[in-house]
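> With the input below, show me the fold.
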Amino acid sequence: MLRLMTLAIRKLRLKPGYLICLFPAFSLYATTACFSQTPPSVKTPAFHVTKDAPVPMRDGVVLRADTLLPSTSGRFPTLVYRTPYNKESALREYKTFEKAIARGYAVVVQDVRGRYASDGEFNAYRNEGQDGYDTIEWAARESWSDGNVGTFGLSYPGAVQWLAAVENPPHLKAMVPAMTFSTPRNFFYSGGVFDGSWLDWIWFNIAPDIRRRKDLPGPKTRKEAAATWEKEHQRLQEFLPLRDLPDLKGISPFYYEWLSHPPADSWWDWAELRNKYDRVHAAVLNLSGWYDEAYGPDGATTNFNGLLAARRGDKDPGTRTVIGPWTHGGEEESRSGEREFGPSAAIDYDELILRWMDHYVRGMDNGADRDSRVRIFVMGKNVWRDEDAWPLKRARSESFYLASKSASDRKGTLVRSVATSSYPDSTFLSDPAKPLTDPYTAYGAHDYRSLAGQSDTLVFDTEPLPADMEVTGPIRAEICVSADCRDLDLWVRLLDVAPDGTAFNLMSPGLDVLRASYRDESRQPEYLEPGNITHLSLDRLLTSNTFLAGHRIRVQLSGAFFPHFSRNRQTGASEVTTAQGGRCKIRVLHTKEHPSQIVLPVVPGK
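Here you go, the predicted structure:
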């Protein structure tokens, strides 16, 4: 049941205490949380509200929005927030809107197509480009708007901004898309593997309202969804083949459409941002966290660099990125999972948004354009640092090679030089019927020492470090494997091992997985030849962490990390279309001709 809290926090950006109040089953955690939701006694600024204002889309469908205006008359710079999670809930939960009004903004809070007060059929993400464009331009034309529009929001409300921005609405001046994606290949899928959390997201956040709207059987409230999930989640998560799951039929046809398109299918081009940055002319502040869902830090850095390239030569390229030590939606917290980062880790999210808008929407000279282009939180040392670029130009690539003493050795070593003579191969088993399963339900930093030594896992450790070592930037794993199956998933996880044995992960699942048949990102799978040696390269891992003196760097290998992502059947058939699977023995090579290594961006000390 704790996973339910995590799901809503991850996907909906609800605060933990709010979830506890919604679901009394979490009473174990509710000692003070519900009471902490009462805001301090402050004077609420007066403003005018229009409920459910009709906003016509180009195809005639009407979406509805609440408009919030300052009490004074005039024309105001305007902020637009679009959500699938119920605008009424957003208005109750977040104080950003009132703060914006107090600063002289008009605010539009809208239910996206097919959700709550808005008409039409909900097709997740698919309509948000044109609908977002139409909403922004509608807001700019209203008598109370001065024609300058900004957008903000986190997760889905972040994605809608990008999908609208690449349509280039002329009145969009600035946006703050937080914790969102850059490519469908690392959003709906990751490394060629389908993201299993979409099932959770639909079940809790989307399906109840659709059942209510269409009078379909099944849970129609979040509380009912939670109760049913408690009984059914194992069946739902383990159901195969994926396309035959009956529970979302008639509720979310888009889910089954996603499953019908492999990650490199051109069908996904509508959601691809990486080739469209020249269409975006708004100022963009990118925000994510190292423990955000995998697409978040990859999206923030990829979108940032893409905009810089498209705006090369501009005096002010109008883009920056901020990445903290946070989970999805945890930017105002100092803790991620079991790891405490100190009081400076939390930020004032509302102030970050409004300062950006004050400069790029209102034209105030507040220095936002002179801030460092990159601001990152370095974990371990637990400090914020400003940088000029990402990746850091002064970081140097250092290789750590995987080595073992014997084929049965479950715990190998990481060495600094390639073997002059061969080390024995390492082997582990991958069984889709009994996949390696994450023992934790929440994202964030957790102690994974218990996984070391299992038959379906390998770990490789350095010796205790003699001095602090900062690793900041993209990380690359180059692993040479041979297997007795036609396909496999390879997980390469990086951990920080403390002297007491605590082994903390440094990122959330997704950046660290690659499906072998997708190794060249081709539309048609490229299956393995059993017994042949295959080189697998994972190049999307990233973090910023100082491994303190006395700590060890750990690399953990496995063939699954369930239930975060779907399970490879390892036969060459897809889990989308079949339930049949087979075990696989995976051999990892450590020879001079076929070395396996992880390449870390090491930042020299000052």
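
> Next, work out how far apart residue 535 and residue 338 are.
Per C-beta to C-beta, to the nearest Å, residue 535 is found 35 Å from residue 338. All C-beta spots, glycine's among them, are computed from the backbone N, C-alpha and C.

> Equivalent analysis for residue 478, please.
For residue 478, the distance to residue 338 - C-beta to C-beta - is 30 Å.

> can you check residue 85 too?
As judged by C-beta to C-beta, residue 85 and residue 338 stand 28 Å apart.

> ok, those two, which is more surrounded?
Neighbour count, other C-beta atoms under 10 Å: between residue 85 and residue 338, residue 85 has more, with 23 against 13.

> ok, now which ones touch the more buried one?
Residue 85 makes contact with 12, 115, 156, 157, 205, according to C-beta atoms under 8 Å, 6 or more residues apart in numbering.

> Help me confirm that the last one comes into contact with residue 86.
No. Because the distance of 9.6 Å does not satisfy C-beta atoms under 8 Å, residue 205 is recorded as not touching residue 86.

> So the two - more neighbours on which side?
Using other C-beta under 10 Å, the more surrounded residue of residue 205 and residue 86 is residue 205, with 22 against 17.

> tell me which residues in stretch 595-605 are buried?
Counting neighbours by 16 or more other C-beta atoms under 10 Å, one finds that the buried residues in stretch 595-605 are 595, 596, 597, 598, 599, 600, 601, 602, 603.

> The residue most central in space within the chain and residue 203: what is the separation?
A centroid search over the chain (C-alpha atoms, centre = their mean) returns residue 293, at 2.7 Å, as the residue closest to the centre. Distance, residue 293 to residue 203, using C-beta to C-beta: 17 Å.

> how many other residues sit next to the spatially closest residue to residue 469 that is not a sequence neighbour?
Closest residue to residue 469 apart from its sequence neighbours, by C-beta to C-beta, 6 or more residues apart in numbering: residue 547 at 4.7 Å. By the criterion of other C-beta under 10 Å, residue 547 has 27 neighbours.

> so who does residue 547 touch?
By C-beta under 8 Å, 6+ apart, the contact set of residue 547 is 380, 465, 468, 469, 470, 471, 496, 553.

> Among those residues, which one sits closest to residue 252?
residue 496 (38.3 Å; C-beta to C-beta).

> looking at this protein, which residue lies furthest from center?
residue 421 (41.2 Å).

> returning to what we had before: any chance of the contacts of residue 85 in CSV, with distance to residue 429 and secondary structure too?
Shown next, in CSV, are the contacts of residue 85 (distance: C-beta to C-beta, whole Å; DSSP: H, G, I helix; E, B strand; the rest coil):
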residue, distance to residue 429, secondary structure
12, 37, helix
115, 44, coil
156, 38, helix
157, 42, helix
205, 36, helix
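
> nearest to residue 332, of these?
Of the contacts of residue 85, the one sitting nearest to residue 332 (C-beta to C-beta) turns out to be residue 12, at 15.2 Å.

> Could you report the pLDDT at the closest one?
Looking at residue 12, its pLDDT reads 47.

> cool, residue 409 as well?
84.

> Sketch out the low-pLDDT regions of the chain for me.
Where the chain drops to pLDDT under 70, the residues are 1-45, 419-420, 606.

> Pull the number of nearby residues for the residue nearest to the residue nearest to the centre of the chain when sequence neighbours are not counted.
Excluding its sequence neighbours, the residue lying closest to residue 293 (C-beta to C-beta, 6+ apart) is residue 328, at 5.1 Å. Close neighbours of residue 328, defined as other C-beta under 10 Å, add up to 25.

> what's the distance between stretch 55-68 and the middle of its chain?
29 Å (C-alpha atoms, centre = their mean, to the nearest Å).

> how about the helices in the stretch 151-300 of the chain?
Using DSSP state H, counting those that start in this stretch, the helices of the stretch 151-300 of the chain run over residues 156-165, 197-201, 207-214, 222-238, 253-259, 295-310.

> Could you say which one of those comes nearest to residue 442?
helix 197-201 (12.3 Å).

> Give the other helices and strands that that closest one contacts.
Applying 3 or more C-beta pairs under 8 Å, 6 or more residues apart in numbering; DSSP states H and E, one finds that helix 197-201 contacts helix 2-12, helix 253-259.

> check which helix or strand covers the residue nearest to residue 417 when sequence neighbours are not counted.
Counting by C-beta to C-beta, 6+ apart, residue 401 is the residue found nearest to residue 417 once chain neighbours are left out, at 7.0 Å. Element membership of residue 401 [criterion: DSSP states H and E] is strand 396-403.

> cool, residue 69 as well?
Judged by DSSP H and E, residue 69 forms part of strand 62-70.

> In that strand, which of the residues would be classed as buried?
63, 64, 65, 66, 67, 68, 69, 70.

> try stretch 578-585
578, 581, 582, 584.

> Straight-line length of it, end to end?
One end of stretch 578-585 sits 21 Å from the other (C-alpha to C-alpha, to the nearest Å).

> Show residues contacting that stretch.
In contact with stretch 578-585 (C-beta under 8 Å, 6+ apart) are residues 240-241, 427-433, 483-485, 488, 559, 567-571, 573, 575.

> now stretch 408-428
Looking at what lies outside stretch 408-428 - C-beta under 8 Å, 6+ apart - the contacts are 398-407, 452-463, 482, 553-555, 557-559, 585-592, 595, 597-598.

> Show me which of the residues you listed are buried.
Looks like the contacts of stretch 408-428 have 399-404, 452, 456-462, 482, 553-555, 557-559, 586-591, 595, 597-598 buried, using 16+ other C-beta under 10 Å.

> among the residues you listed, which are in helices?
Among those, DSSP state H puts none in helices.

> Mind checking which of those are in strands?
Counting by DSSP state E, the part of the buried ones among the contacts of stretch 408-428 found in strands is 399-403, 457-461, 482, 553-555, 557-558, 586-588, 597-598.

> Please enumerate the strands of the stretch 101-250 of the chain.
106-111, 145-154, 172-178, 189-190, 193-194 (DSSP state E, counting those that start in this stretch).

> what's the answer for the stretch 251-400 of the chain, then?
Going by DSSP E, counting those that start in this stretch, the stretch 251-400 of the chain shows strands at 283-291, 319-327, 335-336, 339-340, 374-378, 383-387, 396-403.

> Can you add distance to residue 516 and give those strands back as JSON lines?
What follows is those, written out as JSON lines (distance: least, C-beta to C-beta, whole Å):
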{"stretch": "strand 283-291", "distance to residue 516": "27"}
{"stretch": "strand 319-327", "distance to residue 516": "30"}
{"stretch": "strand 335-336", "distance to residue 516": "31"}
{"stretch": "strand 339-340", "distance to residue 516": "32"}
{"stretch": "strand 374-378", "distance to residue 516": "32"}
{"stretch": "strand 383-387", "distance to residue 516": "35"}
{"stretch": "strand 396-403", "distance to residue 516": "17"}
